[in-house]
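# let's see this in three dimensions:
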Amino acid sequence: MALSRKNWNYIIIGASVFMIAVLSFIDDKTANLPDDAVALFDPQLPLVQLHLDDIWLSKKEDKWWCHEQVLNCQQWAQAWQNISVSPLTAQPEHGTNEQTLTIAISNIHTAQQWRYFPDDGLLQSSNKNWYKIPPSLRADLQPVLAEMLQSK
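From the prediction side, this is the model:
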């Protein structure tokens, strides 16, 4: 028994409503920051320089400058400047994809060296404290590099 055009339309409409409901549910669960998330950088002590392995960004005269390979400099700087994290009480399980993160903060003379696990959304401070980055903030923390686009 074949379905009529009207029945197919009902099926398509039902599937569309179902997909919208599922995507809305996923967005609600990932877009909100957890209650325990706090800003990593204080407005009085903002980020002024960051090195992610060999790629860097730096703020000079109220403008962000980046490594020549970075294509999304302003977006990348904004993501790091406004990052929020949730403190963890125990060492979490993490993968092997690790990056060295060196940050310099305004009015603090010594740069801090952190460990960043982008696949897991984890940061480990120089004091060995662990922090989790909410999923909604992770996407923009990696720079878009010109060499990445050339290799695709």
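# just checking, what packs against the strand or helix carrying A77?
Here A77, judged by DSSP states H and E, is contained in helix 73-81. Secondary-structure packing of helix 73-81 (3 or more Cβ pairs under 8 Å, 6 or more residues apart in numbering; DSSP states H and E): strand 47-52, strand 55-60, strand 63-66. Bear in mind the C-beta positions are built from the backbone N, C-alpha and C, glycine included.
# what average pLDDT does the next helix or strand along the chain from that helix get?
Beyond helix 73-81 on the C-terminal side, the first helix or strand identified by DSSP H and E is strand 84-88. For strand 84-88, the mean pLDDT works out to 91.
# ok so, going back, buried ones in the helix holding A77?
C73, W76, A77, A79, W80, Q81 (16 or more other Cβ atoms under 10 Å).
# show me which pair in these is furthest apart.
Using Cβ to Cβ, the pair of those lying farthest apart is C73 and Q81, separated by 12.0 Å.
# can you give me the offset of the lengthiest helix in the chain from its chain's centre?
In terms of residue count, the longest helix belonging to the chain (DSSP state H) is helix 5-31. On the basis of Cα atoms, centre = their mean, to the nearest Å, helix 5-31 sits 28 Å off its chain's mean C-alpha point.
# follow-up on the earlier one: ok, of the buried residues of helix 73-81, which one's closest to P43?
Q81 (10.1 Å).
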